[in-house]
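In: the sequence and its predicted three-dimensional model are supplied below.
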Amino acid sequence: MTDTEARPTYKYVGTRPIRHDGLDKVTGKARFAADLNMTGQLRAAITRSPHAHARIVSIDTSAAEAMPGVKAVVTGADFPEIDIADPIHDEAVNNIARDEVLYNGHAVAAVAATTLAQARAAAVAVKVEYEELPAILSIDEAIADGAPLANPTTRTLFTGDTEPSNFASIGQFERGDVEAGFAAADVIVEREFTTVPVHQGYIEPHACVADCGQDGKASIWASSQGHFAVRSKTAAILGWSTDRIKVTPAEIGGGFGGKTTIYLEPIAVRLSQKAGRPVKLAMTREEVLRATGPAPASKISLKIGATNEGELTTLAGTMYYSNGSTKGFSALTGAMSVASYKFPNLELHAIGTVDNTPKSVAYRAPSAPQAAFAVETLVDEIAEQLGMDPIELRLRNAVVEGDPTAMGMPHPKIGFIETLEAIKSSDHYNSPVPEGAGRGFATGFWFNIGEQSSATVNLNEDGTATVITGSPDIGGSRASMALMAAEELGLDVHRITPIVADTESVGFTDITEGSRATFATGMAVVNACRELIEKMRERAAVIRGVDVDQVAWIGGAAVVEGPASEGSEPLTIADITAQAKMTGGPLTATASLNAAGAGPSFAAHLADVLVDEETGQVTILRYTTAQDAGTAIHPAYVEGQMQGGSAQGIGWALNEEYIFNASGEMENASFLDYRMPVASDLPMIETIIVEVPNPSHPYGVRGVGETGIVPPIPTLANAIAAATGVRMTDLPMSPPNVLKKINEK
Amino acid sequence: MAIVHLQADHRRFTGGEEVLEVDGATVGAVIAELERRFPGLGPLLTEGASVAIDGELLPRGSIYEEVGPTTDVHFIAPITGG
Amino acid sequence: MINRTHVHCTVNGDEVDFLADDATSLLDALRDELGLTGAKEGCATGDCGACSILVDGAVNCACLMFAAEAEGHEITTVEGIADGDHLHPLQQVFLEEAALQCGICTPGVLVSAKALLDHNPNPTETEIRYALAGNLCRCTGYDKIIHAVQEAAVQLNGASK
């Protein structure tokens, strides 16, 4: 499905070559962080708090230090004190506690020893004396009058307040007149929605290897979405300058936002420094669940007013998001996500809280799924009350270019209408609903970001090319870089090798997040290629003895045009590189940018479900997603992002949840009890790629990695409502929860 | 001179005013002028906001971006991702 | 004094031997003693399948076996699926169908899929889904993986005719 404008015909962009790193991944040769071993390395383990909130009275490491094989022990005292106003403060404290432990699982000490078993035994032998403090374990507890402080270093963002607080941020958005809007509305629906924390669930636990040399420099190999961020955050936490640290990104086994922060590297470096040997530090799955992520819990009360003609006129509500142990932006981001419909009258209060659970981190389109659960359920109810088709209602109110976002600024060119139309004309939508099933529909979007990227393109002596970027490849982006370079240079994509280089070998590049890699890093690659083409034209001019103005770049070769073209054969890249030495030297170009104009990606999902009214089990019979990719550089990997995001959203909707006991300890910290979707839970996920090109990118790219996780929760909630008449307002919609609601009906 | 659009959070500094004409040749200059007129607002805009110029979302920290007499400048909560 | 057991077994067709502590898992022995890092630790509790290997042709989680239990058995890991530099059809089709994204679950999925097709050359979609239910993937939503196994089955059946 394409835009009405003529779409350029691309030779390489839009094809599906085998990815360049694929062979290693199907043969077991690919090196993830935990696969790396250095000669003489030590293994490390972390001592973690058993209390949700406590003051550290004392730490005695003497017993641990005396145990067999132990070469180094660190505690918070081994790291510089950081002022609470310093941007790195919260992450530094999260890496290893100083005066207080803020959640069950908070790191308190770490041990490096000759074997992992020895390190673990010694970590248990570190004696920590705690004075337990009152723990806040939910949003309600955090906002209650007179509530004790979950984290006394919290200062509420956006208020300028200097008093400690349980409020992470307080913000609001408003336009129009909501009172008048509701007074004039023909239909009003209002509900409160709750969700609990869920984890990104990457199959690869966090891991790194750190080697601190005698020259005071450290090398780190890390599983991360952004190795430049690993460098700068590790340096800041250690109090070092960034040039003392080199980070090499290992292959990463999933991130989804959960690996945009760091948990291990400063500890590993400090242990390595103390022991004088490399240190390998990895988390167990239990540690991942007890001490990293998750996506925030939320409590959202929303009210929507509409006219009988189906105009959504008024939206008002209060959105609470928990940030876990330290403050963050999650509430504000959630409120910003309700920007899909015109809503002339809008008033949203966005309140973030802190509590004594692990610090929440991004999870694909952070905060948007919780917001979509609320908005898309209420919009569906309005469609139901008005007797209107749910897609028609969306079409009537969908934002288009120029319409305001929740934040007020206008939307750039977007493809929401086209995405809605794609589902409307899909085979799924036009098939009858199976006997006994319910059909649900919902939409979502993500803004996507640009930010900083660098790329270097080297032409090799034989006319092949190496494309060097700094964006860890979490979804197949290397293949997309090669495709864009192939298109620019007119060079076969299989003669291009894309790599992700370490922090010393490529220019600064921001974290792979916000669906930015194909967009922003792709732009840097394109710019570097264009600079190279200019250089090759100059070299061709020298070779042919003509003015550079007479040389054109056509079909991957330098072609002399004009009077001197007689008898002059085109010079291919290989021809030019063969004479690089004689015409001025190596051919290479580097480009860097701080990319603007990231284009939002909208999605619409459709699901048919069967609900077993005796058990509450929800079975998905059919699932279809449509999403605007701008231009799909490598369609198979765009489909992969759509399908992966959908599966995560389905898990979030139907089964995933953190279960804390009254002491703030996670009771289901394993993959057995933290139940993510397996192959037998899901049907095929049909994908429809919509392409409304983003005018700000040379190939029209819109990031696609995040939007897919936004619609599934309300899609399934609306399907369950269609099947049973029951509106689910609390997640997860697991069998006992669905059954309870059915029985209450 | 730019036409600045502020969010509800920011309006508590401006006495509720939402759209203002502000002198300044760059985003940074506009922020400095806003800080001069409404002390305390500046840091919120510098550290706590992304900025959109005529609808185009700019990367965080784009204080040298030029603005003209009719440029629409929206200050919005920082957008990240995951 | 540390007691270690001397273990002898066959791995990917080679006779190997190594030393293992009482508590060492077969996964750790494969990765740390034998340098075969294809099998991954995703959970160490047998719930994710990233460490899936074949023991005498049957799928097992290497994290749930003591290294000493491997004594006398034939172990196959992802490194043993290809024939030299000839990929198994499953591996080739996974590449062509983009049935992997981050790749961390891929070794375990390939092992499980190979075991399935070795025993059931013509599985239905449901049979494939249940055979792979022990292999968690968080990136793909399983769709392209299932398609790839179906396609590989077709190719293997065609080749054996």
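Out: Now that the structure is in, tell me what you want to look at.

In: so which residues of chain B form helices?
Out: B:8-14, B:27-37, B:41-47 (DSSP state H).

In: for those, which one sits closest to A:Ala45?
Out: When the helices of chain B are compared by C-beta to C-beta, helix B:41-47 sits nearest A:Ala45, at 37.3 Å. Bear in mind the C-beta positions are built from the backbone N, C-alpha and C, glycine included.

In: now the closest one: buried residues?
Out: Neighbour counts using 16 or more other C-beta atoms under 10 Å in any protein chain shown place B:Leu41, B:Gly42, B:Leu44, B:Leu45, B:Thr46 of helix B:41-47 among the buried residues.

In: which parts of the chain belong to which domain?
Out: Let's take chain A. Annotated domains of chain A cover A:412-448+A:599-744, A:451-595 [automatic domain parsing].

In: ah, I was thinking of chain C
Out: C:4-80, C:89-160.

In: name the residues of the helix or strand of chain C with the lowest mean pLDDT that come out as buried.
Out: Within chain C, no helix or strand scores below helix C:143-160, which has a mean of 94 by mean pLDDT, DSSP states H and E. For helix C:143-160, burial by neighbour count (16+ other C-beta under 10 Å) applies to C:Asp143, C:Lys144, C:Ile145, C:Ile146, C:His147, C:Ala148, C:Val149, C:Gln150, C:Glu151, C:Ala152, C:Ala153, C:Leu156.

In: which of the residues you listed sits closest to A:Glu451?
Out: Taking C-beta to C-beta as the measure, A:Glu451 sits nearest to C:Lys144 out of these, at 29.5 Å.

In: contacts only, for C:Ala58.
Out: C:Ala115 (C-beta atoms under 8 Å, 6 or more residues apart in numbering or on different chains).

In: one more: A:Ile170?
Out: A:Thr156, A:Leu157, A:Phe158, A:Thr159, A:His349, A:Ala350, A:Ile351, A:Gly352.

In: out of those, what pair is the most spread apart?
Out: Farthest apart among the contacts of A:Ile170 - using C-beta to C-beta - are A:Leu157 and A:His349, which lie 14.3 Å from each other.

In: more crowded one of those two?
Out: Per other C-beta atoms under 10 Å in any protein chain shown, whichever of A:Leu157 and A:His349 has more neighbours is A:Leu157, with 24 against 18.

In: next, give phi and psi for that one.
Out: Phi and psi for A:Leu157, reported as degrees, to the nearest 10, are phi -70, psi 150.

In: ok, now how distant is it from A:Val354?
Out: 11 Å (C-beta to C-beta, to the nearest Å).

In: just A:Ala335 next, same as before
Out: As judged by C-beta to C-beta, A:Ala335 and A:Val354 stand 18 Å apart.

In: and if you look at A:Gln452?
Out: 30 Å.

In: let's see the top strand by length along chain B as CSV, backbone CA atoms only.
Out: Longest strand in chain B, counting residues (DSSP state E): strand B:71-76. Coordinates of each C-alpha in strand B:71-76 appear next as CSV, following Å, rounded to 0.1, in the frame of the first residue of the first chain:
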residue,chain,number,x,y,z
THR,B,71,8.7,30.8,13.4
ASP,B,72,6.5,28.6,15.5
VAL,B,73,8.4,27.2,18.4
HIS,B,74,6.8,24.5,20.6
PHE,B,75,8.5,23.4,23.8
ILE,B,76,7.3,19.9,24.7
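
In: okay, the domains of chain C, which one's buried deepest?
Out: Highest mean neighbour count of these: domain C:89-160, a mean of 22 (counted as mean count of other C-beta atoms under 10 Å in any protein chain shown).

In: that one near chain A anywhere?
Out: Yes - using C-beta under 8 Å from any C-beta of the partner chain, we find that domain C:89-160 touches chain A at C:91, C:94-98, C:100-107, C:110, C:125-126, C:128-130, C:132-147.

In: quick check: A:Gly408 touching B:Ile76?
Out: Yes - under the criterion of C-beta atoms under 8 Å, A:Gly408 makes contact with B:Ile76 at 7.0 Å.

In: overlap of the contact sets of these two?
Out: Listed contacts common to A:Gly408 and B:Ile76 are B:Gln7; contacts here mean C-beta under 8 Å, 6+ apart.

In: to chain C, which of the helices of chain B lies closest?
Out: For chain C, the closest of the helices of chain B is helix B:41-47, at 33.5 Å, according to C-beta to the nearest C-beta.

In: which residues does the least confident helix or strand of chain C contact?
Out: So helix C:143-160 is contacted by A:636, A:639-640, A:643, A:679, A:682, A:684-685, C:89-90, C:92-94, C:96-100, C:109, C:113, C:116-117, C:121-123, C:125, C:128-129, C:132, C:137 (C-beta under 8 Å, 6+ apart).

In: now with 7 Å?
Out: When contacts are defined by C-beta atoms under 7 Å, 6 or more residues apart in numbering or on different chains, helix C:143-160 is touched by residues A:640, A:643, A:679, A:684-685, C:89-90, C:93-94, C:97-99, C:109, C:113, C:117, C:121-123, C:125, C:128-129, C:132, C:137.

In: ok, now stretch A:401-410?
Out: A:173, A:175, A:335-336, A:338-339, A:342, A:346, A:348, A:411-414, B:5, B:7, B:52, B:55, B:74, B:76-77.

In: swap in 6 Å and give it another go.
Out: Here stretch A:401-410 makes contact (C-beta atoms under 6 Å, 6 or more residues apart in numbering or on different chains) with A:Phe173, A:Met336, A:Val338, A:Ala339, A:Lys342, A:His411, A:Lys413, B:His5, B:Ala52, B:Gly55, B:His74, B:Ile76.

In: and the residues you listed, which two are furthest apart?
Out: Spatially, the most separated pair among those is A:Phe173 and A:Lys413, at 22.7 Å (C-beta to C-beta).

In: hang on, B:Val30 packs against B:Gly24?
Out: Yes - applying C-beta atoms under 6 Å, one finds B:Val30 in contact with B:Gly24, separated by 3.7 Å.

In: count the residues that sit near the closest residue to chain B within the stretch 351-500 of chain A.
Out: Nearest to chain B in the stretch 351-500 of chain A, going by C-beta to the nearest C-beta, is A:Ala362, at a distance of 2.7 Å. For A:Ala362, the tally of surrounding residues (other C-beta under 10 Å) stands at 30.

In: now do A:Ile576
Out: By other C-beta under 10 Å, 23 other residues sit near A:Ile576.

In: what's near enough to touch residue 75?
Out: Went with chain A since none was named. Going by C-beta under 6 Å, 6+ apart, A:Thr75 touches A:Ile59, A:Ala109.

In: try chain C instead
Out: Contacts for C:Ile75 (C-beta under 6 Å, 6+ apart) come out as C:Cys9, C:Val11, C:Ile53.

In: bridged to B:Asp72, which residues?
Out: Note on B:Asp72: beta-bridge partners by DSSP bridges are B:Ile3.

In: tell me how far it lies from B:Gly15.
Out: Distance, B:Asp72 to B:Gly15, by C-beta to C-beta: 21 Å.

In: relative to A:Gln200, how far out is A:Tyr674?
Out: Separation of A:Tyr674 from A:Gln200 (C-beta to C-beta): 11 Å.

In: where in chain A is pLDDT low?
Out: Applying pLDDT under 70 to chain A flags the ranges A:1-6.

In: hmm, 50 instead?
Out: Applying pLDDT under 50 to chain A flags the ranges A:1-4.

In: ok, back up a step: can I get the domains of chain A in a markdown table including distance to C:Glu33?
Out: Formatted as a markdown table, the domains of chain A follow (distance: least, C-beta to C-beta, whole Å):
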| stretch | distance to C:Glu33 |
| --- | --- |
| domain A:412-448+A:599-744 | 26 |
| domain A:451-595 | 29 |
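
In: for those domains, give me TSV that also has distance to chain C.
Out: Putting the domains of chain A into TSV (distance: least, C-beta to the nearest C-beta, whole Å) gives the following:
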stretch	distance to chain C
domain A:412-448+A:599-744	3
domain A:451-595	5
